[in-house]
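> what follows is a protein structure lacking sequence information:
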């Protein structure tokens, strides 16, 4: 299907919903709700078909909401006499505020840390130090590489981490014997570790942040708390991935030598980076003790780095605004669904509670897993998370299993387990583009790890529920 | 010598005549030498001062590394042994040998001076003649040195030319072999491929033949213009449409193929490209043959030269051959009739073509306004002079001194030479006529001047 | 996916075609434009610019009939619109001065001697288009199959 067709479909279907007479709708809706539904449908189609870049879809969502559903919308959209059927107009400030949502700023803080880290080569230098104890046995070196990748991807973007690791690895990959299947294991180990590692912190990957957006009030999860349950899961999954990769692609080489050149920078700016990095992470982990939540803490490196010019105006241009806006669009979509009353409307009118809670968890996570394998994890989370949040809230039967918090967490973390195809995540694409592996290699290992990861996730949720985490 | 004599006679009473009569007229003190007979030997005792009465004697000096060197040549009324006689060393400085039958008279160291009316001593009386003798010898040595240097230079030059010739002949030989293989084999490929195609893809044979025979005749610009048309008519991708347009296959043929099966168009590109590639190979090998020929000429033995060659005629021929580049240039021919020389038409035409082509290319690439090429011929009493002048941007002054060296090409001034050998060939040819070529250049005025002697030694060779 | 252009400039058609053949593997991701003179290349660049299309790379011959490659690239380098276009000079016979001018004034990215090795040419072209793609702001992911791996790693490391 070419681009124009995709665009036509993405536009026509929502327009059809938009102009559908109210009486034809399956449930009673206000006009605003109908518009939000149309926007939601547009978001679905546009994120899936990608006639325009995913972040552009996000921006369009925000603008469409502003123009069609806000209290400052175009005059013809503000309705007239039949105000009753119009519904509640959304506050335009709330919609715009999604661009600077605390979670977006949390990510911005993470970006600053990541940028400075790679600028002053802290990442490469840390990799060098951490890899040392792993010796020259290729199996252990691979373990070391995966651990480092996972560790870095908790704080840096998965893409940048993968790129950095491959840059380090290139000479090693070339020295590998062509027929040694262990090379495939190493090549796959990096992106898989990056994907898994992203689960480790709220800023590890955007789906985590999107989950946080729906976990507010009593359900809120602090940075440190997240890490408490996510990091052990990441470690277990890493070992499993390492084990299974070496099982499928046995290592024949007896010895490899990985030399990483460089030494730690010791000038003032580098020192500022080291200290700021450490302090920020500590403050994040000690969330409850100092009164500052993780969002506020995230602003500290932003301030420190700009004041000390660790990050210059030129560096600012490197920030991936597209990622931030992609997330913001998702937030706006969620906001629209909530504030227009559409969410509640759906909860009240669809008999979710009659469904089996187990089936529901299975359905949500599998849907997320499958969709995220084919499209952007962030876009998947953007689409699914508002629905999952609604579902979780409406199903009383889910409560014994952990309620909506459990459902949201499980779905968000599932997004990071999708790594079956080169298109699943940017790290996969980078690994695949090395030309040294085939899609089937990636799929065999990726699907195995993904499905085992899902089982592990259910177990994790069971344990968390058992110890009363969701109560 | 004559001058010195006249001079001495005015201020010195003891002129040569008086000295001869006074000291060298004793028949007892006279030696008759046969050709090859040695008068004195270097380093041996000699207490005599000789005066040559008749014949020719040569003086030699031992060289430090062995062998000997000519020091002087003396004839009638010149002195031998002066330095040893008057320095009182009485050791001969040279070995003196008679060239032909000669007669010398001498005085010995115990010779009593005869008063001449002014001077009492032998030293005073002989001084002017000794000085004259020394000056004479010095001049001679100087002249010999100069000649030697000139000879050495000529030798070096001929060696350089010879080795350049050898190298180029060697290169030409090797390249010729390689090119011959390329040519022969591609010919073979062409004919066999054409046959196979005729049997298996009869409808594509024409496109292959077209590619092979006509080559890449469609320019990228023309192809681009046709691309959209083809894209629309046959519903192919832009990339493919461009490639189809590049082939230049006529529309009706395209249509016939497309009607039969749209896949045929892709096939067409392939077969045409196959033909065009073979054509490229053939054209390139022909070019290589030409280049090899040029290199060969650089080192070639002189072609046969005949007397009665009219250089103006050669210039006319060069102009005819360069018709197309000269069309863009104002040609100004100032021809004086020239005396015939001994020469080879091909060589001379080549010289002129090289220079004119250079000038044209240079003016064209610099977009010189009103490009003008002036060719002038003049004859002086011994040489013919041809000047070729253009108003192009000129040669970079840094490159000018080296312009005739191989592989000097100057892109900045726009004066490019096909192989970087053109001017080297020109210089070599002119040189072989005993002539010279000079380049003078400044922006807007570049002149090459060729001088060829007529009737000289070289022309007879 | 947008297809950025790669311009091949050479006044000899056979050379033009053989360069194109060597770069054939890029044709699904880039438009390979053939130009027989610097003037024609400028025309195409203007056209691409007017239509908002991207020009990623110019593979330019050195000694050409009309305008020589170095002069053309120097001129191009002065035009702010085409500053980001990568420049590769293919050269048969180059003097020292040409090389200096090409590097100092034309800011060329690669200097490759004729006769070239097809693999070497393709590798260098890939490096340059990779740099171009990753710096031009278009989404690099669709191009990954033809991009140069090492360059991708280098460029992506600094992304947030």
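Yep, that arrived. Only a predicted model underlies this, so the values are computations on that prediction, with no experimental measurement involved.
> quick one, what contacts residue 69?
All of this is about chain A. Contact analysis of residue A:69 by Cβ atoms under 8 Å, 6 or more residues apart in numbering or on different chains lists A:32, A:35-36, A:39, A:77, A:89-90, A:336, A:340. C-betas here are computed from N, CA, C, even on glycine.
> other chain: chain C
Counting by Cβ under 8 Å, 6+ apart, residue C:69 touches C:9, C:38, C:60-63, C:89-91.
> okay, and which of those residues map to helices?
The members of those that map onto helices under DSSP state H are residue C:38.
> and the contacts of residue C:69, which two are furthest apart?
With Cβ to Cβ as the measure, no two of those lie farther apart than C:38 and C:91, at 14.6 Å.
> neighbour count for the two, which is higher?
A count of neighbours by other Cβ atoms under 10 Å in any protein chain shown puts residue C:38 above the other of residue C:38 and residue C:91, at 24 against 20.
> list the contacts of the more buried one.
Listed by Cβ under 8 Å, 6+ apart, the contact partners of residue C:38 are C:9, C:60, C:64, C:66-67, C:69, C:71-72.
> do residue A:154 as well
With contact set as Cβ under 8 Å, 6+ apart, residue A:154 has these partners: A:197-198, A:200-201, A:203-204, A:231, A:234.
> what do you get if the cut-off is 7 Å, keeping everything else the same?
By Cβ atoms under 7 Å, 6 or more residues apart in numbering or on different chains, the contact set of residue A:154 is A:197, A:200-201, A:204.
> quick one: mean pLDDT over stretch A:127-135.
The average pLDDT for stretch A:127-135 rounds to 87.
> and it with chain C, contact?
No: counting by Cβ under 7 Å from any Cβ of the partner chain, chain C is not contacted by stretch A:127-135; separation bottoms out at 11.7 Å.
> just the buried positions in that stretch, please.
A:127-128, A:131, A:134 (16 or more other Cβ atoms under 10 Å in any protein chain shown).
> straight-line length of it, end to end?
13 Å (Cα to Cα, to the nearest Å).
> show me the contact partners of that stretch.
Outside stretch A:127-135, the residues that reach it (Cβ under 7 Å, 6+ apart) are A:140-141, A:143-144, A:148, A:168, A:258, A:260, A:262.
> what do you get for stretch A:225-244?
A:142-143, A:146-147, A:150, A:189, A:192-193, A:196-197, A:199-202, A:285, A:445, A:448-449, A:452-453, A:456, A:460, A:464.
> now, which of those residues lie within helices?
Taking DSSP H as the definition of helices, those contribute A:142-143, A:146-147, A:150, A:189, A:192-193, A:196-197, A:285, A:445, A:448-449, A:452-453, A:456, A:460, A:464.
> is it possible to mark the buried ones in those?
Among the ones in helices among the contacts of stretch A:225-244, the ones that count as buried by 16+ other Cβ under 10 Å are A:142-143, A:146-147, A:150, A:189, A:192-193, A:196-197, A:285, A:445, A:448-449, A:453, A:456, A:460, A:464.
> coming back round to it: include secondary structure, neighbour count and distance to residue B:369 when you put the contacts of residue A:69 into CSV, please.
Shown next, in CSV, are the contacts of residue A:69 (DSSP: H, G, I helix; E, B strand; the rest coil; neighbours: other Cβ atoms under 10 Å in any protein chain shown; distance: Cβ to Cβ, whole Å):
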residue, secondary structure, neighbour count, distance to residue B:369
A:32, helix, 26, 74
A:35, helix, 25, 70
A:36, helix, 28, 72
A:39, helix, 25, 67
A:77, helix, 15, 67
A:89, coil, 19, 73
A:90, strand, 24, 71
A:336, helix, 31, 70
A:340, coil, 26, 75
